[in-house]
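Engineer: got a structure for you, letters missing:
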């Protein structure tokens, strides 16, 4: 599990960069007031990635349900 967690760090960094670029495109400023919006989008992306990882591990028979 530690290996999977460490291998996800570059993916999460890329996702955070994509959220940042999307916010810049929508003219959402990076400040404390808008941090809730930015983090919500990031965590939604994170939950989606974790769900995909779980489904792939179950399909391979590597994880218990």
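Structural biologist: The structure has been received and is ready for your questions. None of the values given here were measured: they were computed from a predicted structure. Residues are numbered from 1 along each chain as shown.

Engineer: Next one: residue 37 from residue 10, what distance?
Structural biologist: With distances taken as Cβ to Cβ, to the nearest Å, residue 37 is found 24 Å from residue 10. For glycine as for every other residue, the C-beta is placed from the backbone atoms N, C-alpha and C.

Engineer: Show me which parts of the lengthiest helix in the chain are buried, residue by residue.
Structural biologist: Secondary structure assigned by DSSP state H gives helix 35-60 as the longest helix of the chain. If you call a residue buried by 16 or more other Cβ atoms under 10 Å, then helix 35-60 has these buried ones: 38, 41, 42, 45, 46.

Engineer: of all the residues you listed, which comes closest to residue 3?
Structural biologist: Closest approach between the buried residues of helix 35-60 and residue 3, by Cβ to Cβ: residue 46, at 18.2 Å.

Engineer: Tell me who's in contact with that closest one.
Structural biologist: 12, 15 (Cβ atoms under 8 Å, 6 or more residues apart in numbering).

Engineer: what's near enough to touch residue 31?
Structural biologist: Per Cβ under 8 Å, 6+ apart, neighbours of residue 31: none.

Engineer: Thank you kindly, that will do.
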